[in-house]
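In: This is a predicted model, with the sequence first.
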Amino acid sequence: MAAFGSIWVTGSPGVVRVDPATNKVIATIPLSNAAWTAASDDAVWVTNGNGVTRIDPETNDAGARIALGTIYLGDPAVVGGELWVPKIRANAVAIVDPATNAVAQTVKVGLGPFVVTEVNREAWIPSWHGRDVWRLEP
């Protein structure tokens, strides 16, 4: 993912921040089970294990960790200023409020939501196991 003038990559060491101008690693943030990424106005969000972690791009520190109670999380997106995280086996999306670093609500969607995509300030969520796409406004 590209954000804050860097490329953010997940892997076995956690989250690696790369300067695209020099192709050099400028930070490695240890975070076990780092997987999917998204960026809000002031943070990088990374799914890991049973939740999501907020990374401060100014300091490269992993801060708030929000437990989502599941190990099967999909590709999140920021929609309307909030972080939308697919909970695949729960057939739901957790909506995290960055102001409080807490789940503001959980919305039931189709079978196995795998990814959230923001289009014109709306969330588009396809079902992995179903034959539908959910379109939700924040």
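Out: In hand now; what should we look at?
In: farthest residue from the center of this structure?
Out: Centroid-distance maximum for the chain: T22 at 26.1 Å, with Cα atoms, centre = their mean.
In: That one - that's part of a helix, no?
Out: No: read with DSSP: H, G, I helix; E, B strand; the rest coil, T22 is coil and lies in no helix.
In: Tell me the spacing between it and G11.
Out: 19 Å (Cβ to Cβ, to the nearest Å). Where C-beta positions appear, they are placed from N, C-alpha and C, glycine not excepted.
In: same deal with A99?
Out: 30 Å.
In: do you know how far the residue farthest from the centre of the chain is from V15?
Out: 18 Å.
In: ditto for T59
Out: 13 Å.
In: which one of the two has more residues nearby?
Out: Taking neighbours as other Cβ atoms under 10 Å, T59 and V15 compare with V15 leading, 23 against 10.
In: List the beta-bridge partners for that one.
Out: T10, I29 (DSSP bridges).
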